[in-house]
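Asks: here is my input; please provide its structure:
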Amino acid sequence: MVSRRVGQARRRLEAEGARVLALPPGDDLFYLLGYTPHPDERPCYLFLTQEEALFLVPELNAAEAAAHVPFPTITYTDAEGPGGALREAHRRLGAPPVVAVGDTMRADALLLLQELWPQALFIPGARVMAPLRTVKSAEEIAALRRAAATADAAVEAVFAAVRPGVREVELKRVAEDALYDAGAQEVPFATIGVGANSAFPHHTTSTAAAKAGEPILVDLGSRVDGYMSDITRMAFLGSPPARYLEIHALVEEAVCAALETIRPGVPIREVDLAARQVIERAGYGGRFTHRTGHGIGISVHEAPSITHTNERPLEVGMTFSVEPGIYLPGEFGVRLEEIVVVTAQGPQILSRLPRDLRVL
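Replies: Numbering: from 1, shown residues only. Okay, here's the model as predicted:
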């Protein structure tokens, strides 16, 4: 797999007119190697050209990396710093006119490369890597499905733990424990929003307590075998009023409209527009403040972006979220999220949890 993916990256590198691809620790590196070292302030790079591959790594990570990185390696100690190792990389790689750098590279690590190759034009590494990662293999989809199962279990655990007075942070801990118990190897996020906090699309979980007569938004994600889950579901503590039920039903209608649009060859923009038009017709267009979805894989947010400006056609194997929402500041918000795989027959939803409002 490593040789195949490295070969694909080299072909993309050539197509973009770049001489060197420089990747830091992170998701792009994991995609190529099935491994990424711990990211910190110490510079670390995989350098890839048409002829060479070179791994520059701090000495404290070198032993672990040796078992995963099948390329020549240059190391440096904390006392030495990376200067000598970078000069050796320059000696081996020469002076490239164009360098593609990984999008998540730290600014200080990028500045070192700009000092190393002052004559080079630096371009986003996503131009090389994103096209490789957008369409998933059967093995990748299987990993996403395993991750989705852990997310389903965690949502159920959170709903079972909701009672008047329980704090968001306590429910977050329930979610994290449930994700690990279900097989997650990492829990990048677990967001709980009670009451008016559910109206913040990216709420930071707080010490706010659940109250009767209020909704609870649960948005969480786990990593299994390198691949992510992401799900959002809603519950209500007590009997929901008509206004809440109206908004929940609108968001569900928007999800269904988007799902009905998904099939190979359809422009991505149509998925966003299908959901957005439902909400706009009901008069809440200004309260749907984000895109309909994002790609998902090794990263929780990756290509494709499900916006009304994306003209790219859907392809079999694309995986992304469908998550319209309506947010009413000071009152509540409703978002429902599915992760889907594009198949020849249409969308395949990875979660097995219904989107029905859970009344607690």
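Asks: residue 336 contacts residue 355, correct?
Replies: Yes - at 4.9 Å, residue 336 counts as touching residue 355 under the criterion of Cβ atoms under 8 Å. Quick note: C-beta positions are derived from backbone N, CA and C, even for glycine.
Asks: which residues do those two both contact?
Replies: Common neighbours of residue 336 and residue 355, using Cβ atoms under 8 Å, 6 or more residues apart in numbering, are 233, 252, 255.
Asks: now those in TSV, with neighbour count?
Replies: Shown next, in TSV, are the shared contacts of residue 336 and residue 355 (neighbours: other Cβ atoms under 10 Å):
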residue	neighbour count
233	25
252	18
255	24
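Asks: what separation do you get for residue 11 and residue 131?
Replies: For residue 11, the distance to residue 131 equals 10 Å [Cβ to Cβ, to the nearest Å].
Asks: mind checking the longest helix of this structure?
Replies: Determined from DSSP state H, the single longest helix within the chain is helix 138-161.
Asks: spatially central residue for this protein, please.
Replies: Closest residue to the average C-alpha location of the chain: residue 300 at 1.2 Å, with Cα atoms, centre = their mean.
Asks: got a pLDDT number for the nearest residue to that residue once chain neighbours are set aside?
Replies: Nearest residue to residue 300, sequence neighbours excluded (Cβ to Cβ, 6 or more residues apart in numbering): residue 228, at 4.6 Å. pLDDT for residue 228: 98.
Asks: go on, the one 4 residues further on?
Replies: According to the per-residue confidence, residue 232 scores 98 in pLDDT.
Asks: and residue 47, that's in a helix?
Replies: No - applying DSSP: H, G, I helix; E, B strand; the rest coil, one finds residue 47 to be strand, outside a helix.
Asks: now it: how far from residue 90?
Replies: Distance from residue 47 to residue 90, by Cβ to Cβ: 10 Å.
Asks: neighbour count: these two, which is higher?
Replies: Taking neighbours as other Cβ atoms under 10 Å, residue 47 and residue 90 compare with residue 47 leading, 22 against 14.
Asks: so who does the residue located most distally from the centre of the chain touch?
Replies: Computed with Cα atoms, centre = their mean, the residue of the chain farthest from its C-alpha average is residue 91, at 36.3 Å. By Cβ under 8 Å, 6+ apart, residue 91 lies in contact with nothing.
Asks: can I get the host helix or strand of it as CSV, trimmed to CA atoms?
Replies: Under the criterion of DSSP states H and E, residue 91 resides in helix 83-93. Once non-C-alpha atoms are left out, helix 83-93 reads as follows in CSV (Å, rounded to 0.1, in the frame of the first residue of the first chain):
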residue,chain,number,x,y,z
GLY,A,83,20.1,22.9,11.1
GLY,A,84,22.6,20.2,10.2
ALA,A,85,20.0,17.7,9.2
LEU,A,86,18.3,20.3,6.9
ARG,A,87,21.6,21.1,5.3
GLU,A,88,22.1,17.4,4.6
ALA,A,89,18.6,17.3,3.1
HIS,A,90,19.5,20.2,0.9
ARG,A,91,22.6,18.4,-0.3
ARG,A,92,20.6,15.3,-1.3
LEU,A,93,17.5,17.1,-2.7
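Asks: okay, domains of this protein per the record?
Replies: Structurally, the chain divides into domains by automatic domain parsing as follows: 2-133, 138-359.
Asks: comparing the ones you listed, which comes out most buried?
Replies: Most buried of those, by mean neighbour count (mean count of other Cβ atoms under 10 Å): domain 138-359, with a mean of 19.
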